[in-house]
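1. Next comes the sequence, and after it the predicted model I'd like to discuss.
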Amino acid sequence: MILLECPTMNSINDRITGFEETISEKGFEVVARADVKGDLMSALTATKEFLTQNEDITAVMCGNDQIALGALVAAQSLNRNDIEIYGIDGSPDLKKELVKANTLIAGTCAQSPINMGKDAVAVALQMLADESYEETTYEDVFFIDKDNVEMYGTDGWQ
């Protein structure tokens with residue numbers, strides 16, 4: 001497995017750290033990782049290099065969907081049909097890939113921007129009213145794959 005990340009972007013850094021904590025001691029081996037700065041083209045270049053150097057790579061974990069799309073183009077350009085690519089965001093572009101037959105995109109983890117906005121407004125109102133509030137708000141996330149992508153649609157965000 002390879003990890004495509006961006007340690008200077010808090011959201012991507014937190015996602016990759018959480019992923020690594022989840023897979024620790026579960027038999028997965030990270031054979032390579034790269035700081036691709038959250039960028040599709042950087043992800044394409046790094047993925048192509050890693051896949052060329054190591055034919056045993058079977059999965060790519062990406063810090064966002066743009067990175068995953070770069071990894072997809074790299075794998076396709078090398079005719080690697082034995083790879084599973086995972087993104088995070090639930091972007092319309094990645095969800096459109098999920099409905100394609102034989103896609104290498106295995107899924108994306110997503111959150112609801114609408115719910116995030118509602119929660120942010122609720123906290124802001126509590127702050128303005130000088131009420132107590134939680135300093136950290138955790139948002140629910142969910143996994144979107146080919147089996148449930150139609151439920152979320154491909155034309156927009158959740």
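-> Now that the structure is in, tell me what you want to look at. Numbers count the residues shown, from 1 in each chain.
2. Give me the buried positions along the host helix or strand of Met151.
-> Assigned by DSSP states H and E, Met151 belongs to helix 149-152. For helix 149-152, burial by neighbour count (16 or more other CB atoms under 10 Å) applies to 149, 152. Quick note: C-beta positions are derived from backbone N, CA and C, even for glycine.
3. Name the residues of the helix or strand bottoming out on mean pLDDT in the chain that come out as buried.
-> Here the helix or strand of the chain ranked lowest by mean pLDDT, DSSP states H and E is helix 10-23, holding a mean of 88. For helix 10-23, a neighbour-count test (16+ other CB under 10 Å) marks 12, 15-16, 19 as buried.
4. Please provide the alpha-carbon coordinates for stretch 36-46, formatted as CSV.
-> Extracted C-alpha coordinates of stretch 36-46, given in CSV (Å, rounded to 0.1, in the frame of the first residue of the first chain):
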residue,chain,number,x,y,z
VAL,A,36,1.9,15.3,-3.0
LYS,A,37,0.7,18.7,-1.6
GLY,A,38,-3.0,17.8,-2.1
ASP,A,39,-2.4,18.1,-5.9
LEU,A,40,-3.6,15.9,-8.7
MET,A,41,-0.5,16.2,-10.9
SER,A,42,1.9,15.6,-8.0
ALA,A,43,-0.1,12.5,-7.1
LEU,A,44,0.0,11.3,-10.7
THR,A,45,3.8,11.6,-10.8
ALA,A,46,4.4,10.0,-7.4
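5. now what about it, what contacts it?
-> 4-6, 8-9, 12, 34, 62-64, 66-71, 73-74 (CB atoms under 8 Å, 6 or more residues apart in numbering).
6. follow-up on the earlier one: skip ahead from the least confident helix or strand of the chain and say which helix or strand is next.
-> strand 32-35.
7. Can you name every helix or strand that the least confident helix or strand of the chain contacts?
-> Packing partners of helix 10-23 (3 or more CB pairs under 8 Å, 6 or more residues apart in numbering; DSSP states H and E): strand 2-5.
8. All good on my end, thank you.
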